[in-house]
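>>> pasting the sequence and the predicted coordinates here, then a few questions.
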Amino acid sequence: MPIIIAIVLLSILRYFEVGPFAEFSWWWIGGLFLVAFIWFEFIERLLGLDKRKANDQQEKARKERVSNAFKK
């Protein structure tokens, strides 16, 4: 997520030509887009991070259901 925030901030600063970012090349921002794409499409899947997040969410929902069922 930090890389997405960096891409958005750099794009805004470059577009409005703020300070030293006025001379910043669009290729750097495009390169960050490429890095983010590779991370989210390939590396995250390769490391299993996408499945881990989904499993954590399901486990949390299961624990909430169990605790709600036994409170009554």
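Now that the structure is in, tell me what you want to look at. Bear in mind the structure is a predicted one, so any value in this text is a computation, not a measurement. Numbers count the residues shown, from 1 in each chain.
>>> where does the chain have low pLDDT?
Along the chain, the model assigns pLDDT under 70 to residues 72.
>>> report how many residues lie close to Ile29.
20 (other Cβ atoms under 10 Å). In this view, the C-beta of every residue, glycine as well, is placed from N, C-alpha and C.
>>> contacting residues for it?
By Cβ atoms under 8 Å, 6 or more residues apart in numbering, the contact list for Ile29 reads Ile7, Leu10, Ser11, Arg14.
>>> report the buried residues of the helix or strand where it lies.
Element membership for Ile29, per DSSP states H and E: helix 26-38. Using 16 or more other Cβ atoms under 10 Å as the test for burial, helix 26-38 gives Ile29, Leu32.
>>> which helix runs longest in the protein?
helix 49-71 (DSSP state H).
>>> contact partners of it?
Applying Cβ under 8 Å, 6+ apart, the external contacts of helix 49-71 come out as Glu44.
>>> where's Ile38 relative to Ile29, distance?
Per Cβ to Cβ, to the nearest Å, Ile38 is found 15 Å from Ile29.
>>> apologies, that question was intended for Phe70.
52 Å.
>>> with the contacts of Ile29 in mind, which one is nearest to Met1?
Ile7 (10.7 Å; Cβ to Cβ).
>>> and the nearest residue to that closest one once chain neighbours are set aside, what is it in contact with?
Distances taken as Cβ to Cβ, 6 or more residues apart in numbering place Leu32 nearest to Ile7, at 4.8 Å, with adjacent residues excluded. Taking Cβ under 8 Å, 6+ apart, we find Leu32 in contact with Ile3, Ala6, Ile7, Leu10.
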